[in-house]
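*Asks:* next one to model:
(one chain, ligands or ions: 1)
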Amino acid sequence: MDPKSQRVKLNDGHFTPVLGFGTYAPEEVPKSEALEATKFAIEVGFRHVDSAHLYQNEEQVGQAIRSKIADGTVRREDIFYTSKLWCNSLQPELVRPALEKSLQNLQLDYVDLYIIHSPVSLKPGNKFVPKDESGKLIFDSVDLCQTWEALEKCKDAGLTKSIGVSNFNHKQLEKILNKPGLKYKPVCNQVECHPYLNQSKLLEFCKSHDIVLVAYAALGAQLLSEWVNSNNPVLLEDTVLCAIAKKHKQTPALVALRYQIQRGVVVLAKSFNKKRIKENMQVFDFELTPEDMKAIDGLNRNIRYYDFQQGIGHPEYPFSEEY
Ligand code: NAP
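*Replies:* Numbering: from 1, shown residues only. Below you'll find the predicted structure:
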């Protein structure tokens, strides 16, 4: 890691800031909040912004980025923007149109990173979550290597600087890495990662292949989201995290973010609250000791907030594998 610029080099030569701003919010949250929060995040120093077609806020997030370019706060090249290919567009011929749709919503010429949102392919069409009469998800069947080749073409066409994946297990990553004629390796695998699911094996695997692990739900996820299994304990109330935070005169949230950065993980933090957005930038102002890191490692207990249970039964459901 380059501590001064707080960014890491990806395996394709581009850089990504180690702290990213998450923009997903449950459907009932007005989209205007994503606009205001993203503008404020850029004002206080965030340079990495994470969104997706699924979040239905790319119009507002793009507007926020463009307004901060227009007022001179940043240049386009200072911002690292990630978008994601949703599950209903994994058929190779649907990939480029999906990215073009995101760019149109964003009103940007390119994204910095385009990733496959999940390996679980769903029926193509207008519905994000296509279901049959009994309420079951309608799956689709796609060769992920072909989806990947379509992403490679998007990079060659200049629509995205880098390409990667999300919610892939190590076997699915291996499938891409071993693909005959592979042109570009995934630069990252964005997965749920926090002290209760620290992904140490997947992290080791990714590091050994020069793939950056990007942590989502690093603060314990949004428990009100329809995608989240809210029967799980609240991460930021954990007594060990709270004690370490107290010792450093920091908050449990900052400890959870700092933990990831010190183990070489790029970390996303979502907040639509100005005080907390600002607070999260303080992750660079303190350091955890090796003993703190070990104690946090000890909290791992295989708790997955975004378990995507509806996807169970799909041949590519990623979370049945150990890692
Ligand atoms: P998260 O980053 O784990 O945050 C959870 C909650 O913590 C937020 O709702 C936020 O509420 C609160 N929070 C933020 N800063 C705090 C602080 N300093 N102190 C106390 N509470 C704080 O949430 P997430 O949205 O689940 O994950 C982060 C991002 O990862 C998403 O926004 C999205 O961009 C991405 N993501 C990707 C996937 C994928 O499949 N690839 C899945 C899920 C998420 P307030 O807004 O009220 O502050």
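
*Asks:* how about the residue of the chain found nearest the ligand: what's its closest non-neighbour residue?
*Replies:* Going by C-beta to the nearest ligand atom, the ligand is nearest to residue 22 of the chain, at 2.5 Å. Heads up, the C-betas are built off the backbone N, CA and C, glycines and all. Excluding its sequence neighbours, the residue lying closest to residue 22 (C-beta to C-beta, 6 or more residues apart in numbering) is residue 270, at 3.1 Å.

*Asks:* same question for residue 320.
*Replies:* Residue 320's closest residue in space is residue 312 (C-beta to C-beta, 6+ apart), at 7.6 Å.

*Asks:* can you report how many residues neighbour that neighbour?
*Replies:* 12 (other C-beta atoms under 10 Å).

*Asks:* hang on, the earlier thing: which residues touch the residue nearest to residue 22?
*Replies:* Contact analysis of residue 270 by C-beta atoms under 8 Å, 6 or more residues apart in numbering lists 21-25, 219, 222.

*Asks:* measure residue 72 to residue 22 for me?
*Replies:* Counting by C-beta to C-beta, to the nearest Å, the separation of residue 72 from residue 22 is 25 Å.

*Asks:* those two - which one has more neighbours?
*Replies:* Taking other C-beta under 10 Å, residue 72 and residue 22 do not tie; residue 22 has more neighbours (25 against 7).

*Asks:* quick one: that one and residue 48 touch, right?
*Replies:* No: Residue 22 lies out of contact with residue 48 (C-beta atoms under 8 Å); the separation is 9.9 Å.

*Asks:* host element of the residue lying closest to residue 46 once chain neighbours are set aside?
*Replies:* Nearest non-adjacent residue to residue 46, counting by C-beta to C-beta, 6+ apart: residue 21, 4.2 Å away. Under the criterion of DSSP states H and E, residue 21 resides in strand 19-22.

*Asks:* in that strand, what counts as buried?
*Replies:* 19-22 (16 or more other C-beta atoms under 10 Å).

*Asks:* columns pLDDT on top of these, output as a markdown table?
*Replies:* Output for those, formatted as a markdown table (pLDDT from 0 to 100):
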| residue | pLDDT |
| --- | --- |
| 19 | 98 |
| 20 | 98 |
| 21 | 98 |
| 22 | 98 |
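
*Asks:* which residues touch residue 101?
*Replies:* Residue 101 neighbours (C-beta under 8 Å, 6+ apart): residue 53.

*Asks:* switch to 10 Å and redo it
*Replies:* The neighbourhood of residue 101, defined by C-beta atoms under 10 Å, 6 or more residues apart in numbering, consists of 53, 58, 83, 89.

*Asks:* give me the mean pLDDT for stretch 159-177.
*Replies:* The pLDDT scores in stretch 159-177 average 98.

*Asks:* that stretch close to the ligand?
*Replies:* Yes: Stretch 159-177 is in contact with the ligand by C-beta under 6 Å from any ligand atom, via 166-167.

*Asks:* ends of that stretch, what's the gap?
*Replies:* 22 Å (C-alpha to C-alpha, to the nearest Å).

*Asks:* hey, what's in contact with both of residue 22 and residue 48?
*Replies:* 41, 267-268.

*Asks:* so which of those are in helices?
*Replies:* With DSSP state H as the criterion, helices contain residue 41 from among the shared contacts of residue 22 and residue 48.

*Asks:* now the shared contacts of residue 22 and residue 48 as TSV including pLDDT, distance to residue 134 and neighbour count?
*Replies:* TSV is the format used below for the shared contacts of residue 22 and residue 48 (pLDDT from 0 to 100; distance: C-beta to C-beta, whole Å; neighbours: other C-beta atoms under 10 Å):
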residue	pLDDT	distance to residue 134	neighbour count
41	98	41	28
267	98	39	26
268	98	35	24
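
*Asks:* so which of the shared contacts of residue 22 and residue 48 reach the ligand?
*Replies:* Contacts with the ligand within the shared contacts of residue 22 and residue 48, as defined by C-beta under 6 Å from any ligand atom: residue 268.

*Asks:* can you list the shared contacts of residue 22 and residue 48 in TSV and add distance to residue 145?
*Replies:* Conversion of those to TSV gives the following (distance: C-beta to C-beta, whole Å):
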residue	distance to residue 145
41	36
267	29
268	27
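
*Asks:* ok, and what's touching the host helix or strand of residue 207?
*Replies:* Using DSSP H and E, residue 207 sits in helix 200-208. Outside helix 200-208, the residues that touch it by C-beta under 10 Å, 6+ apart are 168-171, 173-174, 186, 188-189, 191, 193, 199, 211-215, 260, 263-265, 297, 300, 321-323.
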